[in-house]
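Asks: Sharing a model prediction with you, sequence too.
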Number of protein chains: 4
Amino acid sequence: MIDPRIAESFARQSMMTSLQARLIEADAGRCVIHAPVLAGFQQQHGAAHAAVAFALGDSAAGYAALTLLTEGQEVMTVEMKINLLSPAIGERLEAVGEVVRNGRRLSVVRAEVVAVADEKRKTIAVLQGTMIGVQ
Amino acid sequence: MIDPRIAESFARQSMMTSLQARLIEADAGRCVIHAPVLAGFQQQHGAAHAAVAFALGDSAAGYAALTLLTEGQEVMTVEMKINLLSPAIGERLEAVGEVVRNGRRLSVVRAEVVAVADEKRKTIAVLQGTMIGVQ
Amino acid sequence: MIDPRIAESFARQSMMTSLQARLIEADAGRCVIHAPVLAGFQQQHGAAHAAVAFALGDSAAGYAALTLLTEGQEVMTVEMKINLLSPAIGERLEAVGEVVRNGRRLSVVRAEVVAVADEKRKTIAVLQGTMIGVQ
Amino acid sequence: MIDPRIAESFARQSMMTSLQARLIEADAGRCVIHAPVLAGFQQQHGAAHAAVAFALGDSAAGYAALTLLTEGQEVMTVEMKINLLSPAIGERLEAVGEVVRNGRRLSVVRAEVVAVADEKRKTIAVLQGTMIGVQ
């Protein structure tokens, strides 16, 4: 299921459009985003740049938080930590964001990014961070 | 000054090309990267997406580490933490990466990303993380 | 189950003794440590100091990693990020550490710290970090 | 110089007392804390436990933030990332905390922890994190 306000916010992010990212799920403290591994966003060895895993994981985590905020709020990243586990090689990346704790203003979030290559799945990054709700 | 192997590695990163990033300095444990704020890499409010600050800060930090590694090595990000201080609004972003500690295999690095708008400078992000040298 | 080499290493950590921490479980990539909330390790409002949650979470995560390393290795923390969710109030703290990815030298780990007050459980901190195996 | 409200808050932290920590400086966005390396707070190899560096760095960073908050506020750690550079071996540890950005509610902070052995100084940890002012 996709919360309409997440869909609307997602559509306004040109970064997500450039990455050809698709919003797959956004509801009840959880958000899933998929994106292909594109030629234009790689590091020096042909894997997706760490910033792509960051972009997808951070957005999935932020939108997961936004699903739990009251109507009319927006969400911004306060801080985010990413551990990179493996090179982001494959056809596409899948990011799943979750809310660890939904506070009044600050939410603690987590995300995992998986690379899919020939139907094989490998976790390539885990993120943990803080989101803030803004009017 | 720009270490030639950094210039060569930088040129092979399609992510840096897509961001129109320019390598300004890379020598002796320090690296500076500039990039314009492009329309195609924004979040929902017209500021550069957090992933752009991440991409520039992470690359500046990584290349700062690489300047201190022995010839023939490459550098990969083990983990990176970013604190976002202000929206990335302006004409361009400037990232400065530095080495805090140069270890045999692991280097601890730091970066600061500044947005420049009408000649006014504002720090928009600080990063701290770990790089690993690989053969 | 408790891996004997974890028990032996744990016993040599005077920090764990001072915190009256007990090793509850340490096997197959998972470690559980319990400790009372002591009067001598508090912040200014009577909750356990953030460093106590850090100590327990970091140790649980590190020992979780050590259970998967080859005999004769030790584990050291490369870096650790902690998000504090609630004040650490209660009778005791319980930390659970897990391995997210077990690499040849670097392991990515995670931990959760729960405060128990009158049988009620509340997650007070989550940690994510990197451990290194050393000879 | 030591801001009196920092001195008062510091004195109420039993953790600081147990670590025999001394508040050396706390004013204008900067705080310095010293503490001996005690036998009771070590890891398995005779160095100070990572949680001691965390405790000192986190407190120095938090009190640095508090010096810039309005009277009557307290400060709490939202999140903190620590990179450990070297074992904490020596007679004493010195933590210096600084404010990177002082926001209305959230402050971004940094700290460095140095070990002093036979008058030789070595940076053993760097921290970066977020503090929140609370009434």
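Replies: Alright, I've got the coordinates. Numbers count the residues shown, from 1 in each chain, chains lettered A, B, ... in the order given.

Asks: give me the beta-bridge partners of A:Pro36?
Replies: For A:Pro36, the beta-bridge assignment (DSSP bridges) gives partners A:Arg92.

Asks: my guess is it contacts A:Ala88, does it?
Replies: No: the pair formed by A:Pro36 and A:Ala88 falls short of the contact definition of CB atoms under 8 Å, at 11.4 Å. The way it works is simple: take the backbone N, C-alpha and C, and place the C-beta from them, glycine included.

Asks: Of these two, which one has the most company?
Replies: A:Ala88 (27 against 15; other CB atoms under 10 Å in any protein chain shown).

Asks: ok, the more buried one touching A:Ala53?
Replies: Yes: applying CB under 8 Å, one finds A:Ala88 in contact with A:Ala53, separated by 5.6 Å.

Asks: Find the residues that touch each one of those two.
Replies: Any residue near both A:Ala88 and A:Ala53 by CB atoms under 8 Å, 6 or more residues apart in numbering or on different chains counts here, and that gives A:113, A:124-125.

Asks: neighbour-wise, which of those leads?
Replies: Each of the shared contacts of A:Ala88 and A:Ala53 was scored by neighbours using other CB under 10 Å; the highest score is A:Val113's, at 30 neighbours.

Asks: Mind telling me what element it is part of?
Replies: Assigned by DSSP states H and E, A:Val113 falls within strand A:106-117.

Asks: pLDDT on the lengthiest strand in chain A, on average?
Replies: Ordering each strand of chain A by length in residues (DSSP state E) puts strand A:120-134 first. Strand A:120-134 shows a mean pLDDT of 97 in the predicted model.

Asks: Please read off the pLDDT at the closest residue to A:Val100 other than its chain neighbours from the model.
Replies: Closest residue to A:Val100 in three dimensions, ignoring its sequence neighbours and counting by CB to CB, 6 or more residues apart in numbering or on different chains: A:Val108, at 4.4 Å. With respect to pLDDT, A:Val108 has a value of 98.

Asks: Please name the bridge partners of A:Val108.
Replies: A:Val108 has the following beta-bridge partners by DSSP bridges: A:Arg101, A:Thr130.

Asks: That one: what's it in contact with?
Replies: Under the criterion of CB under 8 Å, 6+ apart, the contact list for A:Val108 reads A:99-101, A:128-130, C:83, C:85, C:126.

Asks: So which of the residues you listed wins on neighbours?
Replies: If you rank the contacts of A:Val108 by neighbour count (other CB under 10 Å), A:Gly129 sits at the top with 30 neighbours.

Asks: what about A:Ala95, helix or strand, and which?
Replies: Once you assign secondary structure using DSSP H and E, A:Ala95 falls within strand A:92-102.

Asks: To clarify, my last question referred to A:Ala65.
Replies: helix A:50-66.

Asks: got the angle between that helix and strand B:120-134?
Replies: Between helix A:50-66 and strand B:120-134, the angle comes out at 120 degrees (axes from the mean of the first three to the mean of the last three CA atoms, to 10 degrees).

Asks: can you pull up the bridge partners for A:Met80?
Replies: Beta-bridge partners of A:Met80, as defined by DSSP bridges: A:Gly129, B:Ile82.

Asks: count of residues packed around it?
Replies: The tally of other residues near A:Met80 (other CB under 10 Å) stands at 26.

Asks: go on, A:Gly46?
Replies: Other residues near A:Gly46 come to 13 when the count uses other CB under 10 Å.

Asks: What is the burial count for the nearest residue to A:Val37 once chain neighbours are set aside?
Replies: Excluding the flanking residues, the one nearest A:Val37 by CB to CB, 6+ apart is A:Ala48, at 4.8 Å. Each residue near A:Ala48 was counted by other CB under 10 Å, and the total is 28.

Asks: And the one 5 residues further on, by the same measure?
Replies: As a burial measure, A:Ala53 scores 29 neighbours (other CB under 10 Å).

Asks: same deal with A:Arg12?
Replies: Residue crowding around A:Arg12 was assessed by other CB under 10 Å; the count is 13.

Asks: How about it: what's its closest non-neighbour residue?
Replies: B:Gln44 (4.1 Å).

Asks: which SS class is the one you found?
Replies: In terms of secondary structure, B:Gln44 is coil; the call rests on DSSP: H, G, I helix; E, B strand; the rest coil.

Asks: Could you pull up phi and psi at it?
Replies: With angles defined as degrees, to the nearest 10, B:Gln44 shows backbone torsions of phi -70, psi -10.

Asks: same deal with the one 5 residues further on?
Replies: The phi and psi values for B:His49, taken as degrees, to the nearest 10, are phi -60, psi 150.

Asks: For it, give me its contacts.
Replies: With contact taken as CB under 8 Å, 6+ apart, B:His49 is in contact with A:13-15, A:55, B:41-43, B:88.

Asks: What parts of chain A come near chain C?
Replies: Listed as neighbours of chain C in chain A under the rule CB under 8 Å from any CB of the partner chain: A:81, A:83, A:85-86, A:100-101, A:103, A:108, A:110, A:123, A:126, A:128-130.

Asks: List the buried residues of stretch A:77-90.
Replies: Burial within stretch A:77-90, assessed by neighbour count using 16 or more other CB atoms under 10 Å in any protein chain shown, is assigned to A:77-85, A:87-88, A:90.

Asks: Of those residues, which is the nearest to D:Ser59?
Replies: Sorting these by how near they are to D:Ser59, with CB to CB, puts A:Glu79 at the top with 19.4 Å.

Asks: Wait, the closest one touches B:Lys81, no?
Replies: Yes: taking contact to mean CB under 8 Å, the distance of 6.8 Å between A:Glu79 and B:Lys81 places them in contact.

Asks: show me where pLDDT drops low in chain A?
Replies: In the predicted model, chain A carries no residue with pLDDT under 70.

Asks: Quick check: nearest residue in space to A:Gly103, chain neighbours excluded?
Replies: C:Leu85 (7.9 Å).

Asks: If you could redo that for A:Ser14, that was the one I meant.
Replies: Among residues not flanking A:Ser14 along the chain, B:Gln42 sits closest, at 4.6 Å (CB to CB, 6+ apart).

Asks: bridging residues for the one you found?
Replies: Under the criterion DSSP bridges, B:Gln42 forms beta bridges with B:Ala48.

Asks: residues near it, how many?
Replies: Other residues near B:Gln42 come to 22 when the count uses other CB under 10 Å.

Asks: contacting residues around it?
Replies: Taking CB under 8 Å, 6+ apart as the definition of contact, the neighbours of B:Gln42 are A:13-15, B:48-49.

Asks: Show me the two of those residues that sit farthest apart.
Replies: By the measure CB to CB, the contacts of B:Gln42 have their two most distant members at A:Gln13 and B:Ala48, which lie 11.1 Å apart.

Asks: Would you mind listing what in chain A touches chain B?
Replies: Applying the criterion CB under 8 Å from any CB, the portion of chain A that neighbours chain B consists of A:9-10, A:12-15, A:17-18, A:39-45, A:49-52, A:54-55, A:58, A:74, A:76-84.

Asks: Could you pull up the residues touching A:Gly133?
Replies: With contacts taken as CB under 8 Å, 6+ apart, A:Gly133 has the following neighbours: A:65-66, A:69-70, A:73-75, A:105, A:107.

Asks: Roughly how far does A:Thr76 sit from B:Met16?
Replies: Check again: residue A:76 is Met, not Thr. From A:Met76 over to B:Met16 the distance is 26 Å, taken as CB to CB, to the nearest Å.
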